[in-house]
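Colleague: What shape does this take:
(chains A and B)
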Amino acid sequence: MDLTHIIPSYQPLPLPAPLWLLNVLLVLGFYLHVLPMNIVLGGTLMAAAMFLKAGPKPDSPMYRSARELAQTLPVFVSFTITQGIVPLLFLQLLYGPLFYTSSILMAGCWIGIIVLLIVAYYGCYFVIYKLFNDDSQKENGLAIAATLFVSFCLFLLIGFIISSNMHLMLHPEKWAEMYKHSPNGLNFFLGDKQQIPRFLHFFFSSIAMTGLFIGFLGTRKKERDPEQADWMIKKGSLVYSIVSTLQIAIGFHFLFSLPQEIREQFMSGNSLMSYVFISSIALAVISIILGFSASNSGSVKFLKSTMHTAFLVVLTMVISRHFLRSAMAAPFVQPEKLSVEPQWDLLGIFVLSAVGLIVYLVWLVKTVTHNNPTQSHSNS
Amino acid sequence: MNYPIWIVPGIGGPWVIGIIAIIHIFLSHFAVGGGAFLALIEWIAYKRNDERIYTYVKSHSRFFILVTTVAGAATGVAIWFSISLVSPDGTGSLIQSFTLAWALEYLFFVAELATAFAYYYSWDKISKEKHLLLAKWYFFMSVMTLAVINGILTFMLTPGKWLDSHYWLHGVLNETYLPSLFIRLFIMFAIAGMYGLVTATRIKDEDLRVYLVKFCSKWLLPVFFLGPIVTLWYLSQVPQVTLETVFTGIQSSGVGNFSVLARALYLSLVLSGTVLLFAFFGPYLNPKGFTFKIALLFMACGLATTGTTEWMREMLRKPYVVYGYMYSNGIRKSQVEKLRQDGFLTDAKWANVNTDPTSSKQCGEKLFQYQCMACHTVDGYRSIKKLIGDRDQESIVSFLKMMDPKNDENPYKGIMPPFAGNEAETKMLAEYLASLKPKDTTQ
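Modeller: Residues are numbered from 1 along each chain as shown, chains lettered A, B, ... in the order given. Here you go, the predicted structure:
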């Protein structure tokens, strides 16, 4: 089926920087979005589950970990939103013709994300400001768990809507029919067999990463409260390793849901796309082993190695995902055909500001942690 | 023609943007003005070493964090979502021209948020001097985000030299950049004062409350004394034709003698005046009697003023998204001549999807959606059914013919784009529009 008549054209304006750089920024931006996003999604669910499981025992390590995890959530939500700006910007720039169209077709849900987001976000704050008490004996763990669970469901729904749109943009053959069904944007897309395994892959990744994050929170109290620290490191890395093992199965299920040519490209072993993909699997296996070691020994060093490897796993997965999208979109849009007129001066300002930002953030972290002996300096 | 049209019954797509934008502006202006407010009041607390003021700043800063980092940030994303749904071509053009400027704004936004959290979570944990320093940094970062985004916003109204050069700096540092930056800063201070009133009126200690209520009301002063001057400066930089539209009005609009723009301007002035009187007789002269409920009411007043002012700014730009470059309906000015010769539907992408090319009424409906629905709805906001009134097909044809880019007499040229279609399409659109009338009056 020829679909060119339905694929909108790009604006007749040049790209502001070489395509490879824009792709790098897209991937990097998405990576920095996914990391906090994992904690938001996994954190609301795990904190809810832990509050529920710990029961009315505020002194138990589980309750205390859940509490600590919940305390951090708003900052992660905020950074997830902020970091979302970057991939959204470059996605529009490079894949606008596909992305705008699919967003319009499901406009109702797409705009609805904002409402869900605001409610879910205030849910996290509600827990901290209304349900938490200076005296944790007085807290109602059940109410806390319930509120966090509601926030979790909303975040999950947001993820699902975004995921659905990211699929719909790659399926122009469905567009005309959908537009006929509702020009008001009241469509939803579920028609792709990759969708569910892919979504599960994301979802389990967020549980695994949250496990590691709990472990990381543990490493920061090794001196002050070694018992609690030990519990957090051991349980956190255990969660990571078990869930990630499961992930390998889901990942392969996802891989086999892909069109054959693309799957073959991933597994061929003779292209960049394939190298990245294969190394991501190797790294995943290494991180799982490291994670089990951390959970046996409770060692800070093992936990940190697991964490750093896991960051690489996520990065290589994100790059693979980008290759997947480029391959799927290639029949419809070719960003490489757009003319390029680099805005070097603005790019220079951007790079300098980015360096400035990093310096500033380092200073900021130092400033707020300096007088405060309860926090360590290892905020890497 | 490029994209499917998102049809929003009743209010129409543009009002989806409008509603979100008004809320966002009210929240995000607080994020910037509120930064100055926090810094200044913390400085006062520091100078006087007054713990009571510190207690107030602390509670106000929680409110500040809750409002700006959640609703403020989320509605900012919502604006992006909504503009790309309602005018994808316009959004695409802006993004393609200013990707890196947006990326730059993002950097400052990260710094702003990180500072906000650092500031909020470090109360009582770091020295007072350092904490005050964080407040100042926050203000600086938030002003920087404004300084960047203001370039893109003003670009849309006065793209200036960019039209020829397509050079980003020409687009960003345009004629209205500076006056707009100042107006926004003044409005931000005013809004910060209003939010300050909301939290200040809840203080129990009467002395302190009276002091702070009066303090907050002073934040409205710059906008009232300097605002009008800067507004005149701003308006003087706006393309000529829109100014004409303000002052001459459109006699034939059938809705009265005022142009829409003039109405927006007067409404905005009246509301600003109300806010001024409210502020003067309320918190300034009578800080004791100014209660929390009145503060909320006052804030609603502020919201209405912001709303109309932003609406007026949008009206000024009509019929363009990017003045002189792209019309509100996503058609570029440079395309119009060709479309009038070769026809709009000939090369259109989505306008032809699910359309029967032999049905002139269906084609007419598509023409309406693609060329008029950027500002009209069928029977909701700025209803075309009402505006067409009793006109029959023939008089609609002559109305559309008048919307010719070469017709200098066209009284609508400041508010409506020219009709971009050929003869046959003019008839098809007219047929569709005429068919909207109740049955008994047709033909």
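Colleague: Hmm, A:G43 and A:A66 touching each other?
Modeller: No: at 9.7 Å, A:A66 does not count as touching A:G43 under the criterion of CB atoms under 8 Å. Where C-beta positions appear, they are placed from N, C-alpha and C, glycine not excepted.
Colleague: Dump the C-alpha coordinates for stretch A:57-66 into PDB.
Modeller: Extracted in PDB, the C-alpha atoms of stretch A:57-66 (Å, rounded to 0.1, in the frame of the first residue of the first chain):
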ATOM      1  CA  LYS A  57       5.500  -1.700  62.000                       C
ATOM      2  CA  PRO A  58       7.100   1.700  61.400                       C
ATOM      3  CA  ASP A  59      10.400   0.400  62.800                       C
ATOM      4  CA  SER A  60      10.800  -2.500  60.500                       C
ATOM      5  CA  PRO A  61      13.500  -2.100  57.800                       C
ATOM      6  CA  MET A  62      10.900  -2.500  55.100                       C
ATOM      7  CA  TYR A  63       8.700   0.300  56.400                       C
ATOM      8  CA  ARG A  64      11.600   2.600  56.800                       C
ATOM      9  CA  SER A  65      12.900   1.900  53.300                       C
ATOM     10  CA  ALA A  66       9.500   2.400  51.900                       C
END
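Colleague: mind listing what's buried in it?
Modeller: Residues A:58, A:60-66 are the ones in stretch A:57-66 that count as buried (16 or more other CB atoms under 10 Å in any protein chain shown).
Colleague: Repeat that for stretch A:145-159.
Modeller: A:145-156, A:158-159.
Colleague: at contact distance from chain B, anything in it?
Modeller: No: Stretch A:145-159 lies apart from chain B when judged by CB under 8 Å from any CB of the partner chain; the minimum separation is 10.9 Å.
Colleague: Enumerate every residue touching B:I187.
Modeller: Under the criterion of CB atoms under 8 Å, 6 or more residues apart in numbering or on different chains, the contact list for B:I187 reads B:29, B:33, B:223, B:227, B:306, B:309.
Colleague: quick one: which of those residues is nearest chain A?
Modeller: Closest approach to chain A among the contacts of B:I187 (CB to the nearest CB): B:H29, at 18.3 Å.
Colleague: pLDDT value on the closest one, please?
Modeller: Predicted confidence (pLDDT) for B:H29: 83.
Colleague: what does B:P179 give?
Modeller: pLDDT for B:P179: 93.
Colleague: right, and the helix or strand after the helix or strand where it lies?
Modeller: Using DSSP states H and E, B:P179 sits in helix B:177-200. Later in the chain than helix B:177-200, the nearest helix or strand by DSSP H and E is helix B:206-217.
Colleague: Could I get the average pLDDT for stretch B:303-313?
Modeller: Mean pLDDT, computed over stretch B:303-313, is 81.
Colleague: go on, stretch B:34-50?
Modeller: Stretch B:34-50 shows a mean pLDDT of 91.
Colleague: so how far is it from its chain's centroid?
Modeller: Here the centre of stretch B:34-50 is set off from its chain's centre by 31 Å, with CA atoms, centre = their mean, to the nearest Å.
Colleague: Would you mind listing the buried residues in it?
Modeller: B:34-42, B:44-46.
Colleague: was I right about B:G380 contacting B:P9?
Modeller: Yes: using CB under 8 Å, B:G380 makes contact with B:P9 at a distance of 6.4 Å.
Colleague: So for these two, which sits in the more crowded spot?
Modeller: Set side by side, B:G380 and B:P9 show more neighbours around B:G380, with 16 against 10, by other CB atoms under 10 Å in any protein chain shown.
Colleague: Now B:E112: which helix or strand?
Modeller: Assigned by DSSP H and E, B:E112 belongs to helix B:88-121.
Colleague: tell me what the helix or strand following that helix is packed against?
Modeller: Remark: after helix B:88-121, the chain's next helix or strand is helix B:128-157, criterion DSSP H and E. With contacts defined as 3 or more CB pairs under 8 Å, 6 or more residues apart in numbering or on different chains; DSSP states H and E, helix B:128-157 has these neighbours: helix A:344-370, helix B:13-48, helix B:88-121, helix B:168-172, helix B:177-200, helix B:292-317, strand B:320-322.
Colleague: what packs against the helix or strand following helix B:128-157?
Modeller: Moving toward the C-terminus from helix B:128-157, the next helix or strand (DSSP H and E) is helix B:162-165. Other helices and strands packing on helix B:162-165, by 3+ CB pairs under 8 Å, 6+ apart, are helix B:168-172.
Colleague: same question for the helix it packs on, mean pLDDT?
Modeller: Mean predicted lDDT for helix B:168-172 stands at 94.
Colleague: what's the answer for stretch A:102-115, then?
Modeller: Mean pLDDT, computed over stretch A:102-115, is 96.
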